[in-house]
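Visitor: What follows is a predicted protein model with its sequence.
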Amino acid sequence: MKRLLVSAAISLSLAAPVAAQDASTVLATVNGTDITLGHLIAMRAMLPAQYQELPDEVLYNGMLDQLIQQEVVADSLRGSEDARTKLTMENEDRAFLASVAIDAIAFDTIADADVQALYDANFADAGGDQEWNASHILVATEEEAQSLIDQLNDGADFVALAQEFSTGPSGPNGGALGWFGTGMMVPEFETAVAGLEAGEISAPVQTQFGWHVVKLNESRISAPPALEDVRADLEEELRRQRVDAYLADLTEAAEIARPEVEIDMSLIRNIDLLTQ
């Protein structure tokens, strides 16, 4: 690297007056190729956030040195690139330009009216989901479960029985399970809960965990989420819709030819083809 830098023709420009400094201001010339203030501005914009916080002087000198070194090395290869290098550069150029175009579409301002319209379409007329708040006592046998039910029917306190007899992790909390919705409990348990009225105790319910005595505390239909709670998701969906429409329009307008070629698809793994 040192020999490349020594042999290269590099000139560093003195700072131009502030009024004359713009993106085209030349900061260095390497073998006839200019490195401008614009190159540094574009480079800084692509840096990770932690590097962008460095002092301007540190960034300026570091980036300029790096661009000079990159130009020296790149210049040593220009005119002698092999097929793999040329094709990779074409792919990188294509991908970068496509990314810039798509970002311009995706990250353009999204109107509040569009967000509201999508919210209304998804949630305004949608009914909420069924949710239950229940407690249970988990024991090993049906006989134990039935004995507890008999005690509850005689006026025993559910919380006290759960704390004394339940083998489940909710036992110390009196068997409280909190709120849960469809699909969050094993099917046998959910079916039992769904068939209860608030305050009612179930018959013994068997699941893979053992035998349950279930009490339904209350039930409700969940409300749709507030718009602000789902705004980020709605905006992301609108961005996707924009990009999809943009790609569809461009593709429809483009002249695209895909000749029918019989090809061995495994050839995409054959890097040796790029040296032939």
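Guide: Received, thanks.

Visitor: Show me what the residue lying closest to Asp34 once chain neighbours are set aside bridges to in the sheet.
Guide: Residue nearest to Asp34 in three dimensions, not counting chain neighbours: Val26, with 4.7 Å by Cβ to Cβ, 6 or more residues apart in numbering. Where you see a C-beta, it was placed from the backbone N, CA and C, and this is true even at glycine. Assessed by DSSP bridges, Val26 has beta-bridge partners Thr36.

Visitor: Provide the contact partners of stretch 81-89 at residue level.
Guide: If you take Cβ atoms under 8 Å, 6 or more residues apart in numbering as the criterion, stretch 81-89 is touched by 77, 271, 274-275.

Visitor: now these in a markdown table, with distance to Phe209?
Guide: Shown next, in a markdown table, are the contacts of stretch 81-89 (distance: Cβ to Cβ, whole Å):
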| residue | distance to Phe209 |
| --- | --- |
| Leu77 | 67 |
| Ile271 | 55 |
| Leu274 | 60 |
| Thr275 | 63 |
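
Visitor: Farthest pair within the residues you listed?
Guide: Leu77 and Ile271 (18.8 Å; Cβ to Cβ).

Visitor: What about the contacts of stretch 81-89, which one has the most neighbours?
Guide: Highest neighbour count within these: Leu274, with 13 neighbours (other Cβ atoms under 10 Å).

Visitor: tell me the contacts of that residue?
Guide: Counted by Cβ under 8 Å, 6+ apart, Leu274 has contacts 82-84, 87.

Visitor: Same check on Glu237?
Guide: Contact analysis of Glu237 by Cβ under 8 Å, 6+ apart lists Leu118.

Visitor: Residue ranges in the stretch 101-250 of the chain under the pLDDT threshold?
Guide: 125-127 (pLDDT under 70).

Visitor: Going by residue numbers, what spans are helices in it?
Guide: Taking DSSP state H, counting those that start in this stretch to define them, one finds helices in the stretch 101-250 of the chain at 112-119, 142-153, 158-165, 187-194, 227-253.

Visitor: got the angle between the first one and helix 227-253?
Guide: Angle of helix 112-119 versus helix 227-253, following axes from the mean of the first three to the mean of the last three Cα atoms, to 10 degrees, is 100 degrees.

Visitor: Got phi/psi on Ala257?
Guide: Backbone dihedrals for Ala257, given as degrees, to the nearest 10, come out at phi -120, psi 130.

Visitor: With adjacent residues omitted, what lies nearest to Lys215?
Guide: Lys215's closest residue in space is Ser135 (Cβ to Cβ, 6+ apart), at 4.8 Å.

Visitor: hang on, the earlier thing: confidence-wise, which of the contacts of stretch 81-89 comes last?
Guide: Least confident by pLDDT among these: that is Thr275, with 84.

Visitor: among the helices of the stretch 101-250 of the chain, which is nearest Val100?
Guide: helix 227-253 (12.8 Å).

Visitor: For the closest one, buried residues please.
Guide: For helix 227-253, burial by neighbour count (16 or more other Cβ atoms under 10 Å) applies to 230-231, 234, 238-239, 242.

Visitor: Throw those residues into a markdown table and include distance to Leu152, thanks.
Guide: Listed next are the buried residues of helix 227-253 as a markdown table, based on distance: Cβ to Cβ, whole Å:
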| residue | distance to Leu152 |
| --- | --- |
| Val230 | 41 |
| Arg231 | 46 |
| Leu234 | 47 |
| Leu238 | 53 |
| Arg239 | 54 |
| Arg242 | 58 |
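
Visitor: returning to that earlier point: how many neighbours does the residue nearest to Lys215 have?
Guide: Residue neighbour count, defined by other Cβ under 10 Å, stands at 21 for Ser135.

Visitor: list the contacts for it?
Guide: By Cβ under 8 Å, 6+ apart, the contact list for Ser135 reads 158-159, 162, 170, 174-177, 214-215, 217.

Visitor: Can you tell me which of the buried residues of helix 227-253 comes closest to Ile68?
Guide: Each of the buried residues of helix 227-253 was checked against Ile68 using Cβ to Cβ; the closest is Arg239, at 38.3 Å.

Visitor: Can you give me the separation between that closest one and Ala245?
Guide: 11 Å (Cβ to Cβ, to the nearest Å).
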